[in-house]
Each structure stands twice: as C-alpha cells, then as structure tokens.
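Participant: Provided below are the primary sequence and the corresponding predicted coordinates.
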Amino acid sequence: MENSTYFYFMLFENIGYTRYVLFSLAFILYCTIIFFNILTILAIFLERTLHQPMYILISCLSVNSVFGTAAFFPRVLTDLLSDIHSISRELCILQSFVIFTYVVNEYTILMLMAFDRFAAICKPLQYHTIITPRSLTILIVINLTYTMILLGIAGILTTKMKMCGNKLFKVYCHNYELAKLSCENTIVINVFGMFITIVTTVIPLSLILYSYVNILIICQRSSSQFKGKAYQTCIPHVVVLLNFSVAVISDVTLSRVVTLNLPVGLSVFLSLEFLIIPPILNPLVYALNLPDIRKKIICLINPFK
C-alpha cells in the first residue's frame, strides 16, 4: 500500500441509529465540561483574593481541560453524524499532538501543585519566598515549553514514516497506533517515545510522590488541627491525580496489550476515560472542596443571592 494521506476510524462503522444516542450523550458531556471549566476559570480570574499560586494552578487545569477536549469532542461529534470517517494525515498528527500535550500538561500542573503544597506545609515560613508569582510563571512556562518541543519532535518523526495501512481502531488519532501502521522500522520513534514517557510522566510522578510522602510525614508529627487543614487542601489533588493516572494507564494498556479481549464499548470507554472523566471531575472536586472557589461560583451562577 502506498503512503496513506488519509486514515479511517473503523469503530464508527456499522453503529446504525446508535450514533444519534452517542452524539446526544457526547454533546451534553462536552457542554458540561466546557461549562464547569469556564466557570472555574472565571471564578479564579474575577476574584482577586483567589490570585494565589494554588488557585492559579487549578485554573491552569481547567484551561488544559478545555484545550485537550477541544481536540477530541468536535471531531468525534462530526464523525458520529457523518457517513465518512476519514481524517487527513496532517490533521490526524495534529490531533494526536494536542491530545498528548494535554496529558503531559496535566501531569506537569499536578506536579507543580504538589510542589506548592509541599512548600506551604513543609516550609511555611519560606513559602512566600519559594513560591512567588514570578517563579510560578517561570516554572509553568519552562515545563509546558519543553514538553511541547518533545512532543513536536515526536510528531515530526511520525510525519516522516511511510504508512502501509490506514485503518485506525480508535475514535481519535493516537501516535502509537500510527506507528503500528508504519512499514518501516519504528525503533527510533519507540525509543524516543519511551524517553518522552520517562521525562514527562515518570519523573513528574516521582516528584509528586516525594512531595506527598513528605507532607504525610510532617502531618503525622503535627497537631490534629494542622493535620485536618493540610488534608483538606491535599486530598482534592490526590483524588485528581489518582483518577487521571488510572485513566491514562487504561488507555496505554489497551493500546499496547493486544491480548485483552474486552467488549468494544468497554474498550472504547476505557481508552477515552482520560478525555472524559478528569475534565469534568476536576472542577467539581475543587468547587465542592474549596470554599473560596465554591462561594465565587455561586455568585457567578446567582449574582442576586
């Protein structure tokens, strides 16, 4: 087969009238994700008392959710109503780049959140000298920039591969799935992909674990009042981290372990969990657990209350 200029999403074939039910569910879900995340961003942006590192990072999570889902939902909604489920090679690689940038950004932001909590709880007297608006901005820019560069290089390597197939058994473009369609030796891109995984996922997770272990040690030595306050700010971060990590692991497992025999519907859901659950769970977790954000959101929804 010649080098493919289009790829075809095979899982949209033969779904019949189910497509309209799926379209309705996906549309409602996407609107809900946009609504809650935009509400969180506005609450933090408009309330000056929330212009603090922890809240700024929470707003970054919401911005990232809007960014990542924008690469998936409009496309999948179009495919559900269309009889042609093809995507050009360039758009496919772009979609893959944006979705994986979203994943890496999520871990980066969660790592910075863990560092912020570590500084606040373990080094409270030095907190305002360690975490300043300038240092936080630099950390965000550096972390987001180098990950985008790494993923951009991976995208360029993918564009240069000669494809011997054009059928994708996913509902979105996945860089590893594209590599599996190549008729060339993919050892370079596989090794580079492993390097990216270590730099953008393993290292941030290790630093997150280090931060929370130290926080836990400090809490065990502190008063019950201090312990309760620390847990109140840390538990939402841990919930978000665990949820996102389980979702990403599910997608990676389904992509790389071909011996799993799961129903198609369950397989699709598990592969999409990282694009569906975290973007809607994150703002709910923070809105419900952090009174300052909850109060501002209530004011935005009902300004006359």
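Facilitator: Good, I have the coordinates.
Participant: residue ranges with poor pLDDT in the chain?
Facilitator: 1-4, 255-262, 304-305 (pLDDT under 70).
Participant: For it, which segments count as helices?
Facilitator: Applying DSSP state H to the chain gives helices spanning 18-46, 53-70, 73-81, 89-122, 127-130, 133-159, 175-180, 187-197, 203-220, 224-256, 264-289, 291-301.
Participant: Let me have those helices in TSV, extended by mean neighbour count.
Facilitator: From N, CA and C alone the C-beta is placed, and that goes for glycine too. Listed next are the helices of the chain as TSV, based on neighbours: other CB atoms under 10 Å:
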stretch	mean neighbour count
helix 18-46	16
helix 53-70	21
helix 73-81	16
helix 89-122	21
helix 127-130	13
helix 133-159	15
helix 175-180	19
helix 187-197	14
helix 203-220	16
helix 224-256	16
helix 264-289	19
helix 291-301	16
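Participant: between these, which gets nearest to Phe12?
Facilitator: Phe12 lies closest to helix 73-81 among the helices of the chain, at 5.3 Å (CB to CB).
Participant: what angle sits between the closest one and helix 89-122?
Facilitator: 140 degrees (axes from the mean of the first three to the mean of the last three CA atoms, to 10 degrees).
Participant: and the angle for helix 73-81 with helix 264-289?
Facilitator: 140 degrees.
Participant: tell me what helix 73-81 is packed against?
Facilitator: On a contact count with 3 or more CB pairs under 8 Å, 6 or more residues apart in numbering; DSSP states H and E, helix 73-81 meets helix 18-46.
Participant: Against which helices or strands is the helix it packs on packed?
Facilitator: Taking 3+ CB pairs under 8 Å, 6+ apart as the contact cut, helix 18-46 packs with helix 53-70, helix 73-81, helix 264-289, helix 291-301.
Participant: To Phe9, which of the ones you listed lies closest?
Facilitator: Proximity to Phe9 (CB to CB) singles out helix 73-81 among those, at 6.1 Å.
Participant: between the helices and strands packed on helix 18-46, which one is nearest to Leu110?
Facilitator: Checking the helices and strands packed on helix 18-46 against Leu110 by CB to CB gives helix 53-70 as the closest, at 7.9 Å.
Participant: could you dump that closest one to PDB, C-alpha only?
Facilitator: In PDB, the C-alpha atoms belonging to helix 53-70 read as follows (Å, rounded to 0.1, in the frame of the first residue of the first chain):
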ATOM      1  CA  PRO A  53      -0.500  30.000  43.300                       C
ATOM      2  CA  MET A  54      -2.700  27.100  44.300                       C
ATOM      3  CA  TYR A  55      -5.800  28.700  42.700                       C
ATOM      4  CA  ILE A  56      -3.800  29.800  39.600                       C
ATOM      5  CA  LEU A  57      -2.700  26.200  39.100                       C
ATOM      6  CA  ILE A  58      -6.300  25.000  39.500                       C
ATOM      7  CA  SER A  59      -7.300  27.400  36.700                       C
ATOM      8  CA  CYS A  60      -4.500  26.000  34.600                       C
ATOM      9  CA  LEU A  61      -6.000  22.500  35.000                       C
ATOM     10  CA  SER A  62      -9.300  23.900  33.700                       C
ATOM     11  CA  VAL A  63      -7.600  25.700  30.800                       C
ATOM     12  CA  ASN A  64      -5.800  22.400  29.900                       C
ATOM     13  CA  SER A  65      -9.100  20.500  30.000                       C
ATOM     14  CA  VAL A  66     -10.700  22.900  27.600                       C
ATOM     15  CA  PHE A  67      -7.600  22.700  25.400                       C
ATOM     16  CA  GLY A  68      -7.500  18.900  25.400                       C
ATOM     17  CA  THR A  69     -11.200  18.200  24.900                       C
ATOM     18  CA  ALA A  70     -11.300  20.700  22.000                       C
END
